[in-house]
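> sequence below, structure please.
(4 chains)
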Amino acid sequence: MQVKQYLIRRLALLPLIMLGVSVIVFTLTRFTGSPVGIYATPNMTPDEVAALEERYGLDEPIPVQYAYWLGGLLRGDLGWSGVSVAPVTDVIGLKMAATLELALFAALVAIIGGIALGTIAGVRRNKAPDHAARFFSILGASTPTFWFGLLLLIPFYLWLDWFPLGRSTPEIFDSIGHPTGLYTVDAAISLNPTAIWDSIRHIILPAVVLGFGSMAIIVRMMRSSMVETMSEEYVDAARAKGLPEKLVIKRHARRNALVPTATVIGLSFGFLLQGAVAVELIFRWPGLGQWVTGAILSGDQATIMAYVLVTSLIFMLVNLAVDIAYAYLDRRVVLGS
Amino acid sequence: MMNSDDWLLRVEDLSVHFRTPRGVVQAVDHVSFEVKPKETLALVGETGCGKSVTARSIMKLVPEPPGEYASGAVLLRNLKTGAVTDMLSAPMDQVRATRGDRIAMIFQDPGKALNPSLTIGRQLAEVFGEHRAAMLLTQAGIDPEKGPIGSGSIASQRAGVLRRNFFHLTRRGHSRAIRAAVDDAVMSALSDTGIPNPRKVMSSYPHELSGGMKQRVMIAQALACDPDLLIADEPTTALDVTIQARILDLINDMQQRRGTAILYITHDLSLVRQFADRLAVMYAGRIVESGPALEVLKSPQHPYTQGLLAAIPRAGTPRGKLAAIAGSVPQLIDPPAQCHFSSRCTWCAEACTSHIPKLIHMPGDRDVACLRFEQADSIGVDPSDMPSHVASAEVVS
Amino acid sequence: MTMTSIPQSAASNEPRKDRLRTRASSVRWARRREVLREVMRNPLTVVGVVIITLFLLMAITAPLLTEANQPDPYQSPRDWANIDVGPGVEGHVLGTDSTGGDVLYGIIWGSRLSLQLSLTVVISTLIIGTIVGSVAAMRGGRLDNFLMRIVDVFLAIPELIFALAIAAVLGPSFRNIILALAVVFWVKYARIIRGEIIRVKQTDYVAAARVVGDSTWNIYRKDVLPNAVTPLVVQATLDMGNVVLIGAALSYIGLAQAGLTEWGAMVSAGQSGILAGQWWVSTFAGVAILLWALAFNLVGDGLRDALDPKTEGR
Amino acid sequence: MSVAVEHPNIGPSAASGSGDVMTLHDVKVHYPVKEGVLQRVTGAVRAVDGVDLSIRRGQTLGLVGESGCGKTTLGRVIAGLVPATGGDIWFDLDDSSKLLMERLRAIPKDSMSREDKALWSQLESNHRLGSMSRERQRIYRRNCQFVFQDAFASLNPRQLVRDIVGRPLRVYHEASGNDLDLKVINLLERVGLGPQHLLRYPHQFSGGQRQRISIARALALNPEFVVLDEPTSALDVSVQAQILNLLVELQEDLGLTYLFITHDLGVVQHMSDYLAVMYLGKIAEIGPTEDVFSNPLHPYTKVLRDSNPSLEGDDLDGSAHLRLTGTVPNPIDPPQGCRLHPRCPVSQPECGWQVDDMFQSLETSTPASFETITRVERSGPFAAQLVMTDDAAARHLHEEITSSRSPFGRAVETITLDGANVSIRLREVEEIPLIPVAPGRMSSCLLAGRPGGINPPSESR
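Residues are numbered from 1 along each chain as shown, chains lettered A, B, ... in the order given. This next block holds a predicted model:
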């Protein structure tokens, strides 16, 4: 019951924060002056420009303009994407699916690798595996994703040609249905072995590159919370019960160490989303990141702003999901806050 | 010490060191004592005297590193077969089989010693799963020898009666029977400690229970397998005095009923009188005095014991006239070879700062480690350097 | 416990007291040195400090190491005769890019840009964040609530994406990257310092200062801030590296001026050559970014371990 | 040297040396409990819930109770660290102003005459915490100091001992520079430390020394009254003795008034002149320490005393040791009537039994019939209608309650059976006040004034 109330409150906060994000985004669109420039041509007279402004409601006071804009947003009108030559709403779904797929696989790499490495490091504190894991985590946090991606391209694409660029081989991609929009999942559903292999071949390298930085963050957090729980008295109490060390670590130490790590996992999803920009660029992954870099270079503001709105929404939803997991993992959280 | 065969636990010459960046801390320094079956030995001392480390060493729970068993043995005698195990040198499997089964432990803060993310029921079930798997299977109507999973696989699947075994057994339709057997075992253990509503407690998480209730759960968990020895490490320090009284009543009562020997670790001498048969006082990693509890309390011989007793406020002491021991406990990082109490002792003489006093056996089953009871020639110093002598005959007057 | 004691008892001989005051500051300095020694005990931290020192030297002596390009020293001099040459070629130790820009020159002058970027962003956001977080935590109530909701909104947008949007709106230039990062980064500090202050405010030593009757400002200055600032110092150190990482990512995407000797831009400039086997431009520029971030991460991590309040002094 | 010529130590009554340093009247500290999606305030943790207390000048009042009873909160309220949410705290009332205060307090605010109102507001601005004038507030602040349980936590880890102990002097511009150093050295010597400790950080000291530093700080302004919040609980016995001796010595030398808060009965018996026992935010009993120990007038005091392990062999006064049952109730919704009654070994039907107590006892004694209750319609804390699963269950419950010989069973005024419904009404008892029962002694137990006293019935003569 308490858990439910807590989650409802978190949920109620979500639209409020999204409203705040929309204010920021709107401010940004008006930052460089009236967006009438998109429609105006240099040889228009001031009167013609004013007429244009009136037509698009740009002569109204700023709050009113914001209300118009927000109204459009809520109806699903995210504007016209110059780079895609289509309404933003029409193209964003596909891009989002591609990015989400990449981010989810990267998250999988980061979470599994991070928890495993962090656990080992925390248990074998101040021994070789610990030092290795710590150095690895610092290295991961210091490596520029875009550079790391380029570096991996040299052996795995240029020399060995193991992993292709892009998201898919178009013919294979078109040969299966796409009920979910996530290529790997669709391929799995279609039970088409060629498609499954194609989807996995394409996603491995970008997912590893993208997940590397987040894994480093998770390793660091998992290690320190493992160190903390390993010194808790209930771990000694579990040993005093005669439990084997493996079980002591798994059920008593790691389980509790996961609780603080959960928040970091949520936050690291932000790193995945932002890292995706560069990774998509390098691996020619047709997602939001590639889309938005194109928009930046051509000054397509509607696309940029839609991108900011959508990624924030994804980020917040992921964190909400983590909060739910957190409340499940540690019942005391809710009572404590 | 005594050589009778009537003992359960014998700690011989135990030293535990901790390596720190600043030097080696000699937390426990050549400590020997023994616990007889069914008796209560109280190990008393102030913060940092090494009593908790001693207790943990018995279970081999001192973390290595930074800890290190520098010398000695912890011998546990099987009362039925007479076989003796050294907990410090035995293989880990054997140590684990002993923990929780023949030696159990209650911790100082029950709030910290219970896993916050598991229900009470699961935490107790772990003990049964670890040590009483065969018994549970029998109760569930499965022959542990011939059953769907042999006793061998139970031993290997040490998760015991929890998930993994359930999973295996579910397919064979025994899941419910085993679950019921576990629940019964857990509930009877809980209700044995006077927990009024064991079914509810079983499914609750530690934070939902009060401190006293948590300590009851800890006791239930510790006594689940009827251990020969219960180590109680300051079990009531974190509790209020009214709760403490009830927990002590409970431990007492359980001991009466089951004949468990208790090693009671405490800093509170006033608890000892109600509780202990024998008493050992520790100071700075060494035992300075031991003997029958009431005797030691009545006529303490070591200056530290005397000081400790005089420092406790009592009804009769005039206000502001407590006999405090001056100074504070010395650091135990690479300590000099001397009586550690010498810096605070009123009797301190030249010899005290150059010799480590040995535990001297006295009439009345008493031991004291103080140079006042030793002869100058036996340790080879000038008699004028010795503190004023006390003849051992004076002790039991 | 074994500190040199002040000889003789406290008689009222005047000259001794002046010594006392100078001694107090020397005791404080001794304490700081002790903490520093504790920090430097970790060899990895020392490695970090050495790398940072080298980068600093490089940035300061850039005009001595290479002759500054005129008119804009932050554009590599073009050597059109040597386009895309590999490392080791006469005059181009680390090779050149597709426009004949010298890679070593870019790395050396790029260190100045990185220093400028990280110092400007971290110092300015540290000040803003500390002020906002302190006001929120010390005042509490509605103001706190209001400020923290703003912080929540800022935190809802991933750093790089937020900075990317701002920089994109402002137009591609290195200055705008700095500005964009400054807008984004203060939030984290505000949140950290607020949390720490709220923690410290509940300690007994703050209660003790209140019992004595000291003013809120004095309590903030003497008790709250000094005890709350440690995680902020750690985070700021880590961010000296992070800012350069994100800044490089932004200029990699194309938000810096073309041809700038910024490391991220250099990686971008060299990437088309990679598939043609010209690995050196991107690689060396990337190594520079990596080393910079690594150095500050090592030091930040070492600071965190050494200054962790859980182990400090107790 | 700037030794303050007119030392603003204490108000007019200081010379007389009589009266109360602190007078508490119905002091309450309630922390709001927020619940639900909108975080509405749905109740309050009643940490301190109506305390009347006088702290007499020059004496030591011991305040004992178990964790969660509100003793620390009460101490913090008195020291001005926590604002009271109800009631009045008067500082430095001499006998005449106390009489005046008591006279005026009896008059309802709106029917007060104009001059009484003026007197009242003058009284408030001179003596009442929260309404004091700035100048009086300063005097109060200087004269009421606090010593914390965890000395280390109360010392700023980044300050030198000189700055910690000298801070009060700086705040009140009592001293600076060399003068400050000298004064701090004097204070340190006063508490058994020396000049060599002046320039050290708190972490360089042992537990006992830290507590000495914190005592030195409390004494820096020469206060009259010190709240000691478990000053020795974190210390070992041998060091505790040093600190207790020091506190007594300081009290004798400086004429201090102490409020000594502790959970340790041995310590409080040794240290205090009179004793207040607290339970769940209320005072259970007050009286001279020796009397309270030898003849407790509240069952809770007796339980505390009996539960306290003692070194002396035979401390039994013939009566059996009393024990409490159950656990401390939730301070958000404390029991009506006497706070102790659900756990009390000698409870009576008049102690304030309510419907919730019934559920609790049913749940533990007969879980089976507790589980047959399907719905409860309350009408106040003392009456409810229970809907049972069926008529038989209702009959069973009715039977069980009516036949009960427990004080709770006897507190039932009416119980009616109607099909599957059981209506029950219990004796209404709202509040059991703390009343004088013997010269100098007050108790909030109903039995205190009765012939048999608070002993269990089997033993009462």
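> pull up the gap between the spatially most central residue of chain B and chain D, please.
Residue closest to the mean C-alpha point of chain B, counted by C-alpha atoms, centre = their mean, is residue B:231 at 3.3 Å. Applying C-beta to the nearest C-beta, to the nearest Å, the value for residue B:231 to chain D is 20 Å. For every residue, glycine as well, the C-beta is placed using N, CA and C.
> so that residue lies in a strand, does it not?
Yes. Counting by DSSP: H, G, I helix; E, B strand; the rest coil, residue B:231 is part of a strand.
> give the contact list for it.
Listed by C-beta atoms under 8 Å, 6 or more residues apart in numbering or on different chains, the contact partners of residue B:231 are B:55, B:58, B:59, B:103, B:104, B:105, B:106, B:262, B:263, B:265.
> the helices in the stretch 301-450 of chain D, which residues?
D:355-365, D:367-370, D:391-403, D:407-410 (DSSP state H, counting those that start in this stretch).
> pull the number of nearby residues for the residue nearest to residue A:283 when sequence neighbours are not counted.
Distances taken as C-beta to C-beta, 6 or more residues apart in numbering or on different chains put residue A:206 closest to residue A:283, at 4.3 Å, once the chain neighbours are dropped. Neighbour count of residue A:206, defined by other C-beta atoms under 10 Å in any protein chain shown: 26.
> next: residue B:6.
11.
> how close does it get to residue A:62?
93 Å (C-beta to C-beta, to the nearest Å).
> quickly find the element holding the closest residue to chain C within the stretch 251-397 of chain B.
Distance from chain C to each residue of the stretch 251-397 of chain B (C-beta to the nearest C-beta) is smallest for residue B:331, at 7.4 Å. Element membership for residue B:331 (DSSP states H and E) is empty, with no helix or strand holding it.
> and for residue B:190?
helix B:175-192.
> for chain C, find the nearest of the helices of the stretch 301-450 of chain D.
Short answer: helix D:355-365, nearest of those by C-beta to the nearest C-beta, at 32.9 Å.
> for chain B, which element, helix or strand, carries the lowest mean pLDDT?
Lowest mean confidence among the helices and strands of chain B (mean pLDDT, DSSP states H and E): helix B:151-156, at a mean of 38.
> where does the stretch 201-337 of chain A have low pLDDT?
A:330-337 (pLDDT under 70).
> of all residues in it, which one is closest to chain B?
Counting by C-beta to the nearest C-beta, the stretch 201-337 of chain A gets nearest chain B through residue A:242, at 3.6 Å.
> grab the nearest non-local neighbour of that residue.
Leaving aside its chain neighbours, residue A:242 sits nearest to residue B:100 (3.6 Å; criterion: C-beta to C-beta, 6+ apart).
> quick one, what contacts the residue most central in space within chain A?
Residue closest to the mean C-alpha point of chain A, counted by C-alpha atoms, centre = their mean, is residue A:273 at 3.1 Å. Neighbouring residues of residue A:273 by C-beta under 8 Å, 6+ apart: A:99, A:103, A:311, A:314, A:315, C:158, C:161.
> again, only using 7 Å
A:103, A:311, A:314, A:315, C:158, C:161 (C-beta atoms under 7 Å, 6 or more residues apart in numbering or on different chains).
> of those residues, which belong to helices?
The helices, defined by DSSP state H, take in A:103, A:311, A:314, A:315, C:161 from the contacts of residue A:273.
> can those go into JSON lines with extra columns for neighbour count and distance to chain B?
Shown next, in JSON lines, are the ones in helices among the contacts of residue A:273 (neighbours: other C-beta atoms under 10 Å in any protein chain shown; distance: C-beta to the nearest C-beta, whole Å):
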{"residue": "A:103", "neighbour count": "28", "distance to chain B": "29"}
{"residue": "A:311", "neighbour count": "29", "distance to chain B": "33"}
{"residue": "A:314", "neighbour count": "20", "distance to chain B": "29"}
{"residue": "A:315", "neighbour count": "23", "distance to chain B": "27"}
{"residue": "C:161", "neighbour count": "24", "distance to chain B": "35"}
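> which ones are touching the residue of the stretch 101-250 of chain D found nearest chain A?
For the stretch 101-250 of chain D, the residue closest to chain A is residue D:234, as judged by C-beta to the nearest C-beta, at 19.0 Å. Counting by C-beta under 7 Å, 6+ apart, residue D:234 touches D:149, D:150, D:207.
> buried among these? Make that a ChimeraX selection.
Here is the ChimeraX command that selects the buried residues among the contacts of residue D:234 (16 or more other C-beta atoms under 10 Å in any protein chain shown):
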select /D:149,150,207
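> and the closest residue to chain B within the stretch 51-200 of chain A, how many neighbours?
As assessed by C-beta to the nearest C-beta, chain B sits closest to residue A:126 within the stretch 51-200 of chain A, at 8.0 Å. Using other C-beta under 10 Å, residue A:126 is surrounded by 11 other residues.
> distance of it from residue B:298?
49 Å.
> please, where are all the helices along the stretch 151-300 of chain D?
D:161-171, D:177-190, D:207-219, D:237-254, D:265-271, D:289-294, D:299-307.
> could I get the buried residue list for stretch D:268-288?
D:268-287.
> what's the longest helix seen in chain A packed up against?
Determined from DSSP H, the single longest helix within chain A is helix A:193-230. Helices and strands touching helix A:193-230, by 3 or more C-beta pairs under 7 Å, 6 or more residues apart in numbering or on different chains; DSSP states H and E, are helix A:88-123, helix A:128-142, helix A:145-153, helix A:170-175, helix A:183-190, helix A:255-283.
> Serialize these to CSV and add fields for distance to residue B:289.
Shown next, in CSV, are the helices and strands packed on helix A:193-230 (distance: least, C-beta to C-beta, whole Å):
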stretch, distance to residue B:289
helix A:88-123, 41
helix A:128-142, 43
helix A:145-153, 66
helix A:170-175, 84
helix A:183-190, 73
helix A:255-283, 41
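> name the helix or strand for residue B:263, please.
In this structure, residue B:263 sits in strand B:261-266 according to DSSP H and E.
> what's the angle from that strand to strand B:229-233?
For strand B:261-266 against strand B:229-233, the angle by axes from the mean of the first three to the mean of the last three C-alpha atoms, to 10 degrees is 10 degrees.
> does the following helix or strand past strand B:261-266 reach chain D?
Going down the chain from strand B:261-266, the next helix or strand is helix B:269-275, by DSSP H and E. Yes. For a cut-off given as C-beta under 7 Å from any C-beta of the partner chain, helix B:269-275 has contacts with chain D, namely B:269, B:270, B:271, B:273, B:274.
> hmm, which of the residues you listed are the buried ones?
B:269, B:270, B:271, B:273.
> pLDDT weak spots in chain D?
D:1-18, D:36-38, D:312-321, D:367, D:456-461.
> give me the phi and psi for the residue sitting nearest the centre point of it.
When C-alpha atoms, centre = their mean is applied to chain D, the residue found nearest the centroid is residue D:71 (3.7 Å). Dihedral angles phi and psi of residue D:71 (degrees, to the nearest 10) take the values phi -70, psi -40.
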